[in-house]
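Undergrad: 3D, please:
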Amino acid sequence: MLRVDVSQFRRVSKMLRAVSNSKELRKRLLLELRPVADDAANRARDNIRGMASGGGRHPGGSLRGKVAKRVQTKATLGGKRAGVRVMVARRVGLPRGFFNAPAQLNRPSFRHPVFQTERNPDTWVAQKGAPGWFDDPMRAARGPAGKAAAQVLDRWAQDLAREIDHG
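TA: Numbering: from 1, shown residues only. Predicted structure coming up:
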């Protein structure tokens with residue numbers, strides 16, 4: 001997960017509350033902050049899509065493709081979770097009920113049951129993951145994303161301070 005100094009988010013959020021059109025400005029700021037983490041999210045998507053696959057086709061589509069589609073960026077200004085985050089929406093839309101696939105695929109290997117039939121009622125297999133498909137891009141982006149977010153927040157803080165002083 002990418003982290004940026006939370007105090008900057010809180011400071012700008014507090015300043016936004018003092019401005020009359022804060023709701024619209026808040027939306028604009030959040031839209032401006034989200035791209036800060038887009039590079040890391042895109043690298044994670046590319047990593048998981050590029051993972052080797054030894055299995056055949058499955059109904060419901062490619063697990064790797066579905067996981068890649070769930071990688072998203074989120075910016076939040078207030079509260080304990082203030083910051084810019086890249087995350088994987090895990091519980092929605094993953095095929096074959098594999099809800100923890102993003103976390104499992106980030107490991108070197110994991111075990112899971114195969115499709116159940118009369119001939120293999122309790123058969124489990126070991127599958128190779130793609131260690132670091134998610135974690136590595138997040139670590140690499142931490143510094144650049146933090147600097148970019150700090151620049152956006154500093155600029156907004158200066159603009160809001162001028163508007164508050166003249167408003």
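
Undergrad: Could you look up the SS state of Val125?
TA: Following DSSP: H, G, I helix; E, B strand; the rest coil, Val125 is assigned to strand.

Undergrad: I misspoke; the intended subject was Gly78.
TA: Strictly by three-state DSSP, Gly78 counts as coil.

Undergrad: And the pLDDT for it?
TA: Gly78 is assigned 76 on the pLDDT scale.

Undergrad: Run a quick neighbour tally on it.
TA: Per other CB atoms under 10 Å, the neighbour tally for Gly78 reads 14. All C-beta spots, glycine's among them, are computed from the backbone N, C-alpha and C.

Undergrad: Quick check: phi and psi at the closest residue to it other than its chain neighbours.
TA: Nearest residue to Gly78, sequence neighbours excluded (CB to CB, 6 or more residues apart in numbering): Ser13, at 4.8 Å. Main-chain torsions, Ser13, degrees, to the nearest 10: phi -60, psi -40.

Undergrad: ok, how many other residues are close to Ser13?
TA: For Ser13, using other CB under 10 Å, the count is 18.

Undergrad: Also Gly50?
TA: 11.

Undergrad: And it, how close does it get to Arg26?
TA: Applying CB to CB, to the nearest Å, the value for Gly50 to Arg26 is 37 Å.

Undergrad: Would you state the helices of this protein in chain order?
TA: 6-17, 22-33, 38-49, 63-70, 101-105, 135-166 (DSSP state H).

Undergrad: and of those helices, who's closest to Gly129?
TA: Closest to Gly129 of the helices of the chain is helix 101-105 (CB to CB; 4.8 Å).

Undergrad: What lies in contact with that closest one?
TA: Residues outside helix 101-105 that contact it (CB atoms under 8 Å, 6 or more residues apart in numbering): 48, 51, 63-64, 66-67, 70, 88, 90, 94, 98, 110, 112, 129-130, 133-134.

Undergrad: Adding distance to Gly78 and mean pLDDT, write the helices of the chain out as a markdown table.
TA: Shown next, in a markdown table, are the helices of the chain (distance: least, CB to CB, whole Å; pLDDT from 0 to 100):
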| stretch | distance to Gly78 | mean pLDDT |
| --- | --- | --- |
| helix 6-17 | 5 | 83 |
| helix 22-33 | 9 | 86 |
| helix 38-49 | 22 | 95 |
| helix 63-70 | 25 | 89 |
| helix 101-105 | 27 | 88 |
| helix 135-166 | 13 | 88 |
